[in-house]
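Asker: This is the structure alone, sequence omitted:
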């Protein structure tokens, strides 16, 4: 179990450190990474607004976070819970992999993201 814990903690620490560095750069210097799809095409991708969403969540401004990217904001609790469950299963029992219903959920979510990506460029109210 200790080896599995090391395999989980190291990447989590790296991702957390990168996230906090990015948060600090944004907060103190106004630095942000532009969306390459929006930058090159002028179109909004399904992920546009994710950085703003997380910055707003960090400030506990959930209304602005929802407005930044409503689909990912609504999906975040579900996928966070599934992620934590899978980490627990891996640490406790060494189990890896997704069940059939989880794979279906991922494919449905990808479809929702595609539809959202198209609609946010057609309808002016979804940006």
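Answerer: On my side now, so go ahead. If you're wondering where the values come from, they're calculated on a predicted model, not measured in any experiment.
Asker: how close does residue 34 get to residue 49?
Answerer: Distance of residue 34 to residue 49, given as CB to CB, to the nearest Å: 12 Å. The C-beta positions use only the backbone N, C-alpha and C, and glycine is treated the same way.
Asker: When these two are compared, which one has more neighbours?
Answerer: Applying other CB atoms under 10 Å to residue 34 and residue 49 shows that residue 49 carries more neighbours, namely 23 against 10.
Asker: wait, the more buried one sits on residue 68?
Answerer: Yes - shown here, residue 49 and residue 68 form a contact pair, counting by CB atoms under 8 Å, at 3.8 Å.
Asker: In contact with residue 51, which residues?
Answerer: Residues in contact with residue 51 (CB atoms under 8 Å, 6 or more residues apart in numbering) are 22, 26, 32, 33.
Asker: Please check these and keep the buried ones.
Answerer: 22, 26 (16 or more other CB atoms under 10 Å).
Asker: Tabulate the contacts of residue 51 (a markdown table), appending pLDDT and secondary structure.
Answerer: Below are these laid out as a markdown table (pLDDT from 0 to 100; DSSP: H, G, I helix; E, B strand; the rest coil):
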| residue | pLDDT | secondary structure |
| --- | --- | --- |
| 22 | 92 | helix |
| 26 | 90 | helix |
| 32 | 87 | coil |
| 33 | 88 | coil |
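Asker: Among the contacts of residue 51, find me the one that's closest to residue 86.
Answerer: Nearest to residue 86 among those is residue 22, at 24.7 Å by CB to CB.
Asker: I'd like to know how far the closest one sits from residue 56.
Answerer: 14 Å.
Asker: which helices and strands sit right next to the helix or strand hosting residue 72?
Answerer: Following DSSP states H and E, one finds residue 72 within helix 70-93. The contact analysis (3 or more CB pairs under 8 Å, 6 or more residues apart in numbering; DSSP states H and E) places helix 70-93 against helix 2-29, helix 50-58, helix 62-68, helix 100-122.
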